[in-house]
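Asker: one predicted model, sequence on top.
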Amino acid sequence: MPSLQSLRRKISAFKNTQKITKAMKMVAAAKLKRSQDRILAARPYALKMRGVVSNLSRRVNRSSHPLLQKREGKKVEVLVVTSDRGLCGGFNGNIVRKSSEFVRQCEAQGLQVSLSIVGRKGRDYFRRRTWPIRQEWTGIFDKLTFEHAIDIGGDLTDHFVKGTFDELHIVYNEFKSAIQQRVIVEKLFPVDAAAEFGAAQAEGTTGGSYLYEPGEADLLNIFIPKHFQTQTFRILLESAAAEHGARMAAMDGATRNAGQLIKKVTLHYNKTRQTAITKELMDIVGGAEALK
């Protein structure tokens, strides 16, 4: 039977842990509000831009811009977006599990796969695996800005144009609500109009052709890279908001579990203490009876 002193130490440790998890929950809730406001403001613009580019890609000559060209190569890159910190429930576990499953599916089709990683958790996981990591970005979620999206999007577009890979897929957590995230596997390069509008509509030519000023090539050279930077920024904002939501939910559960442990150990402590007091009283009564 544990001593009263050890039980008091356990209760004190559980209370200290509860204070920490409660504070982390409050911090995550404050960060979630800011991240949620950012993604809700950026999402309509990014999704509309994706629709415009997908619509545009079926009306122009796809060979007029390298980021629109579909290739028959077998090189695929997977951008995995995880967090830099843990203590956020199954946020990172779901991502690496889905990423590993997707990579194995690509390899089963005879494709050559490389990885780009955002976040320390994904980097640490895939460093222990056999899949090659081409590029990694860490420490960007503390002060996430559009410059990070320009850096990541620029690197990806440059290597796609150079032929380092023929397709780019991104695996990330989409923010649904404070307690719900959804793992998404999204194809970014090249633009797939069928995926956006459906195969039947993508084959159609609704709405006629466009007139371009100053010209089709000049417009695409400016608009297409900006589109990929915007989508990268949206995905990073989605992941940041989902991370804070997952951490808030995880810390809320940890706080409640700590409270249950405190009640359980306190009850055991009181029973043990009562047993010790009763035993001491019995010894005193027994001693007094022996003196008579």
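Answerer: That came in fine, so what should we check first?

Asker: the strands in the stretch 151-292 of the chain, which residues?
Answerer: Along the stretch 151-292 of the chain, the stretches classed as strands by DSSP state E, counting those that start in this stretch are 167-177, 180-189.

Asker: winner for burial among the ones you listed?
Answerer: strand 167-177 (a mean of 21; mean count of other C-beta atoms under 10 Å). In short, each C-beta sits where N, CA and C put it, glycine included.

Asker: what helices or strands is that one leaning on?
Answerer: The contact analysis (3 or more C-beta pairs under 8 Å, 6 or more residues apart in numbering; DSSP states H and E) places strand 167-177 against helix 4-57, strand 75-81, helix 91-108, strand 180-189, helix 216-291.

Asker: so how far is the first one from its chain's centroid?
Answerer: Think helix 4-57. 11 Å (C-alpha atoms, centre = their mean, to the nearest Å).

Asker: between it and helix 216-291, how many degrees?
Answerer: Here helix 4-57 runs at an angle of 170 degrees relative to helix 216-291 (axes from the mean of the first three to the mean of the last three C-alpha atoms, to 10 degrees).

Asker: could you give the average pLDDT over helix 4-57?
Answerer: Helix 4-57 carries an average pLDDT of 91.

Asker: with the third one instead?
Answerer: Per-residue pLDDT values across helix 91-108 average out to 95.

Asker: okay, buried residues for the following helix or strand past that helix please.
Answerer: Per DSSP states H and E, the first helix or strand lying C-terminal to helix 91-108 is strand 112-118. Of the residues in strand 112-118, V113, S114, L115, S116, I117, V118 count as buried by neighbour count, 16 or more other C-beta atoms under 10 Å.

Asker: which of those residues sits closest to I224?
Answerer: S116 (19.6 Å; C-beta to C-beta).

Asker: any idea how far L79 is from that closest one?
Answerer: Distance, S116 to L79, using C-beta to C-beta, to the nearest Å: 5 Å.

Asker: could you tell me which residues touch both of these two?
Answerer: L156 (C-beta atoms under 8 Å, 6 or more residues apart in numbering).

Asker: my guess is E174 contacts V185. True?
Answerer: No. Taking contacts as C-beta atoms under 8 Å, E174 lies outside contact range of V185: 10.5 Å.

Asker: I'd say K15 and L261 touch.
Answerer: No. Counting by C-beta under 8 Å, K15 does not reach L261; the two are 9.8 Å apart.

Asker: shaky segments in the protein?
Answerer: Within the chain, the set of residues satisfying pLDDT under 70 comprises 1, 61-62, 64, 192-210, 212, 216, 292.

Asker: ok, how many other residues are close to V161?
Answerer: 14 (other C-beta atoms under 10 Å).

Asker: residue numbering should commence at 9 henceforth.
Answerer: From this message on, residue numbering opens at 9, which makes the last subject V169.

Asker: once you drop chain neighbours, what's closest to it?
Answerer: Of all residues not flanking V169 in the chain, P74 sits nearest, at 4.7 Å (C-beta to C-beta, 6 or more residues apart in numbering).

Asker: separation between that neighbour and R17?
Answerer: For P74 relative to R17 (C-beta to C-beta), the value is 65 Å.

Asker: for V293, same thing?
Answerer: Counting by C-beta to C-beta - V293 and R17 are separated by 32 Å.

Asker: kindly report the same for A38.
Answerer: 32 Å.

Asker: redo the buried residues of strand 120-126 as JSON lines? Include distance to I47.
Answerer: Shown next, in JSON lines, are the buried residues of strand 120-126 (distance: C-beta to C-beta, whole Å):
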{"residue": "V121", "distance to I47": "29"}
{"residue": "S122", "distance to I47": "28"}
{"residue": "L123", "distance to I47": "25"}
{"residue": "S124", "distance to I47": "22"}
{"residue": "I125", "distance to I47": "21"}
{"residue": "V126", "distance to I47": "16"}
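
Asker: pick the one among the residues you listed closest to I187.
Answerer: V126 (23.3 Å).

Asker: who's that closest one bridged to?
Answerer: Residues in a beta bridge with V126, per DSSP bridges, are V89, W145.

Asker: which ones are touching it?
Answerer: V126 neighbours (C-beta under 8 Å, 6+ apart): L87, V88, V89, T90, E144, W145, T146, I148, I160, L244, S247.
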